[in-house]
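A.B. asks: What follows is a predicted protein model with its sequence.
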Amino acid sequence: MRKMIALVGATVLALSGCSVKDDAPDGGGGARQITFLTFETPNLTPQYWDAAIKRVTDQHPDIAVKRIVSPTQDRTAYAKQLLQSGQFPDVLIAVSPAGFAEAGELYAWSDKELENFLFPGNGAVNGKIYQLPANTQTIPVTYYNKDLFASAGIGAPPTTYQELLDAAAKLKAKNITPLVTGGVHDSVGPLVAGIWATDVYAKNPEWMKQRRAGTVKFCDPDPRKALGKVADLAAKGYVDRTSVARDYAAAQQAFLDGKGAMYAMGNWLAGALDGADKPKFAVGQFTWPGDADNRTVPAFTGGGLLVSAKSKNIEAARKFALAFQLDKTNLDNSAVADGLFPAIKGYAPPAGVGPAYRAGYDLYAKALAAKTVVPAFNFEAGGDAPLPGVGAKIDASVVDLITGKKTMEQVCAFLDSEWAKG
Amino acid sequence: MAVDRAPRRVGARVGHFAGFAGPGLTVYAGFVLVPILISAGYSLTNYNPFNPPTRYVGLANYRLLFTDEAFLTSLRVTTILTVIVVVTPNVAGLAIAVLLDRRGWLYNALRSVFFVPMVLSSVVVSIVWTRLLDNEGPINQALRAVGVDRPPGWLSDPDYALYSLGAILSWQLLGFCVVVYLAGLQGIPVELLEAAEMDGAGPGRRFWHVSWPLLAPALTINTVVLMISAFKVFDHVQVITRGGPGEGTTATIAFVVLRTAFEENRGGIASAQAVVMLTIIAAASAVALKLLRRREVEL
């Protein structure tokens, strides 16, 4: 019996002597273990994440990273779940800081730490930055299938909303689905962000801040017009009602399989268009058009890493997050794989980026020069974002408009009532 | 001597009882009763992990629930789903059990076949049916092949999605009903059926006047188990429809509880929803048990 106890004791001692320390104070010897919440998409594969993490840990062997994967694209909801079950990760990526920041769960980056970022004030919550403003994404770019456009006799991409409707009518007449969508945030949200940009944000880029202040509402004329356009596109059959069953990956695949002519999507689609599995047809890009022109480009700068304010290894977490975010190879890979425009001072996309990336980047650069960049609705972060929980209601309401379950009036009233719940 | 022994026997019995029941009671209290009490406590507060401090709000959360459109919709959705899930597997399960109540290797094999969905993970079942019911899935492909130009969007059309979900749940729970009814049928004394036959009763009358009354305990078990299963369904909704398409089309109470707690951060209200859900399940099960047991007969 004594031998058995000695054996168990020796095993416990041996195991406890392993090099990874998950709760040791900073400054001690051995690697500090941190947890890192990531998410996977067709563009951001497990191999992509593992290689990106390894590049940083190779530079900082004192940090060990345990990667956590969000089970769905809604990593913010998963982060909340982890927080409430006492398992909040040390580092997170592309999670909206709203709610977490106000509750004191996130570390506020200092001006010194933000000195390398192009837009260091983006996504602020009560004047502080909790998420590294790492990349700019244009949401949406409207991608179109040049072969299907040609077969419907459409010579050039639309530059006004009426031209878009005319093109959709020609496509539908040829039995081609004009617009590919899905039913979840990342697949239907970009379409709405495009419409919202031209009808709401182009006139009032401060709309979301004013909604938070209670001075504007969803039932005001401009948002009603935007929501009405969504319902109208569905009513005319330009958006397939049954497509709302698609998730993000299925919607992307539908476009890549040629099942529709246009796809309003974040510029990260460039990763798939320039990748090895690029579609067999030629793909063009245009900015979602407004009633008068197509100069307005919705974009979001943020999406970077966040650090838990209560991390046991906060120094390691901060060091890892900044190193991950500023590593040149990681930035280049994020540009190639996910079409991101790194918002880092002095950064230029690598020469090897594909034509789809380059075309999207040019559209953005042109709008930036013309000062026609506006926020991307329901993709904002921090104090610029909808209240916690309302973003999901917006997505669900858009699906209701597409399926015809609710009218525009019902949806705007519903969203205002949901907002009032706070 | 006898006077001395009695208290010792009582003490020993109490000790034995505590020894055997203690561990189970401790686990039950720790993992069931205490969490329920904690949840009930939270339901009387404005608990929001993102918006401290937490304070006592009395019954305000409960009053809010009965004017909350999302919660009232979830009550309606759950009720419809429960009706589908209680009726369909019960009726189909009884019919299949009657057909399978025979001897032979084929019938034994078929019993296993019908029970297979029951042992599958609900997530696996949900993924399989999501693929089958996809707009471009095999079911719609087959419908197109036989000339249906625009087959239904089983999971994307708000008019169909809830019923599709009910059908999937019914399919998975069917095997349970078949097994319980088969056990009930095989427990009916052959003499009773033979006596009825000798009295001139045909198969229909034998079933209606002999088998059906004696299947009352099986009906009770199936109804109560199906009712509880349907009322607390979450995993199928999460995987197949995520409460959609759109707002609340297939959002059950359990789904809304989780969404309120983890997406909207309203822990106090979510706890109140959970308490209401527990109360409804307990009350509905008690009423069903009471009503169904009235028609059970002793042999």
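C.D. replies: Sure thing, it's come through.
A.B. asks: could you pull out the strands for chain A?
C.D. replies: A:32-38, A:63-69, A:91-93, A:131-138, A:141-145, A:262-265, A:283-286, A:297-307, A:341-342, A:373-375 (DSSP state E).
A.B. asks: Now mean pLDDT, distance to chain B and mean neighbour count too, for those, in a markdown table please.
C.D. replies: All C-beta spots, glycine's among them, are computed from the backbone N, C-alpha and C. What follows is the strands of chain A, written out as a markdown table (pLDDT from 0 to 100; distance: least, Cβ to the nearest Cβ, whole Å; neighbours: other Cβ atoms under 10 Å in any protein chain shown):
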| stretch | mean pLDDT | distance to chain B | mean neighbour count |
| --- | --- | --- | --- |
| strand A:32-38 | 95 | 15 | 23 |
| strand A:63-69 | 96 | 16 | 18 |
| strand A:91-93 | 96 | 15 | 26 |
| strand A:131-138 | 93 | 16 | 27 |
| strand A:141-145 | 97 | 18 | 25 |
| strand A:262-265 | 97 | 17 | 28 |
| strand A:283-286 | 96 | 22 | 19 |
| strand A:297-307 | 93 | 14 | 26 |
| strand A:341-342 | 91 | 29 | 23 |
| strand A:373-375 | 93 | 22 | 23 |
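A.B. asks: Now render these as a markdown table, adding distance to A:A213.
C.D. replies: Formatted as a markdown table, the strands of chain A follow (distance: least, Cβ to Cβ, whole Å):
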| stretch | distance to A:A213 |
| --- | --- |
| strand A:32-38 | 31 |
| strand A:63-69 | 36 |
| strand A:91-93 | 28 |
| strand A:131-138 | 22 |
| strand A:141-145 | 31 |
| strand A:262-265 | 29 |
| strand A:283-286 | 34 |
| strand A:297-307 | 21 |
| strand A:341-342 | 30 |
| strand A:373-375 | 16 |
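A.B. asks: Out of those strands, which gets nearest to B:W129?
C.D. replies: Among these, the nearest to B:W129 by Cβ to Cβ is strand A:63-69 (24.5 Å).
A.B. asks: Kindly report the residues of the stretch 1-150 of chain B close to chain A.
C.D. replies: Taking Cβ under 8 Å from any Cβ of the partner chain as the measure of proximity, the stretch 1-150 of chain B contacts chain A at B:49-52, B:69, B:134-135.
A.B. asks: Most widely separated two among those residues?
C.D. replies: Maximum pairwise distance among the residues of the stretch 1-150 of chain B next to chain A (Cβ to Cβ): 45.5 Å, between B:P52 and B:N135.
A.B. asks: Compare these two (neighbour count), which wins?
C.D. replies: Summary of the neighbour comparison: B:P52 and B:N135, criterion other Cβ atoms under 10 Å in any protein chain shown, with B:N135 having more neighbours (23 against 12).
A.B. asks: pLDDT weak spots in chain A?
C.D. replies: A:1-29 (pLDDT under 70).
A.B. asks: So which bits of it are right by chain B?
C.D. replies: When proximity is defined as Cβ under 8 Å from any Cβ, chain A approaches chain B at A:77, A:80-81, A:83-84, A:99-100, A:102-103, A:105, A:183-184, A:241-245, A:388-389, A:392-393, A:396-397, A:399-400, A:403, A:405-406, A:414, A:417, A:421.
A.B. asks: what's the neighbour count on the residue nearest to B:N135 when sequence neighbours are not counted?
C.D. replies: By the measure of Cβ to Cβ, 6 or more residues apart in numbering or on different chains, the closest residue to B:N135 outside its immediate chain neighbours is A:T242, 4.6 Å from it. Applying other Cβ under 10 Å, we find 22 other residues in the vicinity of A:T242.
A.B. asks: Show me which residues of stretch A:247-257 are buried.
C.D. replies: The neighbour-count criterion (16 or more other Cβ atoms under 10 Å in any protein chain shown) identifies A:247-256 as the buried residues of stretch A:247-257.
A.B. asks: Check stretch A:183-193 too.
C.D. replies: By 16+ other Cβ under 10 Å, the buried positions in stretch A:183-193 come out as A:183-193.
A.B. asks: possible to save these as TSV with distance to A:K203?
C.D. replies: Output for the buried residues of stretch A:183-193, formatted as TSV (distance: Cβ to Cβ, whole Å):
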residue	distance to A:K203
A:G183	29
A:V184	28
A:H185	25
A:D186	26
A:S187	27
A:V188	23
A:G189	21
A:P190	20
A:L191	19
A:V192	17
A:A193	15
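A.B. asks: among those residues, which are in helices?
C.D. replies: Using DSSP state H, A:185-193 are the members of the buried residues of stretch A:183-193 that sit in helices.
A.B. asks: In chain B, where's the longest helix?
C.D. replies: Counting by DSSP H, the longest helix found in chain B is helix B:69-100.
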